[in-house]
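Chemist: coords below, sequence missing:
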């Protein structure tokens, strides 16, 4: 819930002042262009393209002004969400990790050094194409909570470790995936994510 237009499309009208945080286990990672296989427990699997920041050093209680020292590379990732499960869990007031933390639910692309992209994490342009058609387009400058503030917030509660990955929220345009689709994620014009739905 880090982009205003996405909150509108999802009907989130009561957005708090603090970011919404959830975790995915390491078994959720889907790397190296491997296909995403639709699981049998959801009838509404949706994509959410996000900029992903790679943590490069150990940190706890990180001040926002120092947060830029704790990441070194970025990519585009997909936060796959079993939307039907998530809606049911929300209605029942239950945690929704099962809707987002299942195996292979975190597709990640090839990381690029931030310097290669201009050095400013809050000035990145990214998009997701499905079968050659743009479905999501975002700019990190539109985030409600910037990357450095996200890192400061999360590190109040848990120690960030080298290799941790921080998904930073999705812009408007989320939607369902189906078998055979080809997903490609871009940072600027650089294709960093490329895989199929099976």
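Modeler: Looks like it came in fine. Computed from a prediction, not measured in an experiment: that's the story for all the values here. Numbering: from 1, shown residues only.
Chemist: State the helix or strand in which the closest residue to residue 63 other than its chain neighbours lies.
Modeler: Spatially, and ignoring its direct neighbours in sequence, residue 63 is nearest to residue 152 (6.3 Å; CB to CB, 6 or more residues apart in numbering). For the C-beta atoms, the positions are set from N, CA and C on the backbone; glycine is no exception. In this structure, residue 152 sits in helix 147-157 according to DSSP states H and E.
Chemist: All the helices of the chain, residue numbers only.
Modeler: In the chain, helices defined by DSSP state H lie at 4-9, 83-91, 97-100, 147-157, listed in chain order.
Chemist: tell me, which of those is the model least confident about?
Modeler: Ranked by mean pLDDT, the helices of the chain bottom out at helix 4-9, which scores a mean of 67.
Chemist: can you tell me the distance between the two ends of stretch 82-99?
Modeler: Stretch 82-99 has an end-to-end distance of 5 Å (CA to CA, to the nearest Å).
Chemist: Okay, strands next: where are they in the protein?
Modeler: 29-30, 45-47, 49-55, 71-79, 81-82, 106-108, 112-113, 125-130, 133-139, 165-167, 175-176, 182-187, 190-196 (DSSP state E).
Chemist: List of residues touching the fifth one?
Modeler: Residues outside strand 81-82 that contact it (CB atoms under 8 Å, 6 or more residues apart in numbering) are 39, 41-42, 44-46, 48, 98-100, 102, 105, 174.
Chemist: Going through these, which ones are buried?
Modeler: 42, 45-46, 48, 99-100, 102, 105, 174 (16 or more other CB atoms under 10 Å).
Chemist: The residues you listed: which two are farthest apart?
Modeler: Distances among the buried ones among the contacts of strand 81-82 were taken as CB to CB; the most separated pair is 102 and 174, at 17.1 Å.
Chemist: Cross-check the contact I'm expecting between residue 39 and residue 102.
Modeler: Yes: if you go by CB atoms under 8 Å, residue 39 and residue 102 touch, sitting 6.4 Å apart.
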